[in-house]
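Enquirer: Predicted model follows, preceded by the sequence.
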Amino acid sequence: MFSNLLQNKKNMVHKLSEKRQLRAYFNEPFIYLSILST
């Protein structure tokens, strides 16, 4: 199941422009951390 999510994510990221792709990669860890820290 988890690998399936990763595959979907790769497909989604593939469709994004490079700028949005980079922004997503940089923002995601911070989003996860903020969720975990609450």
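Expert: Here it is on my side, so go on. Computed from a predicted structure; not experimentally measured.

Enquirer: in this structure, what spans have low per-residue confidence?
Expert: Per-residue confidence of the chain (counting by pLDDT under 70) places the weak regions at 1, 12-17, 21.

Enquirer: So which elements touch the longest helix seen in the chain?
Expert: Of all the elements of type helix in the chain, the one with the most residues (DSSP state H) is helix 18-37. Counting contacts by 3 or more CB pairs under 8 Å, 6 or more residues apart in numbering; DSSP states H and E, there are no secondary-structure elements packed against helix 18-37. Placement of C-beta: from N, CA and C, glycine included.

Enquirer: what comes up buried for it?
Expert: Of the residues in helix 18-37, none are scored as buried under the neighbour-count criterion (16 or more other CB atoms under 10 Å).

Enquirer: Now do it: distance to the chain's middle.
Expert: Chain-centre distance of helix 18-37: 6 Å, with CA atoms, centre = their mean, to the nearest Å.
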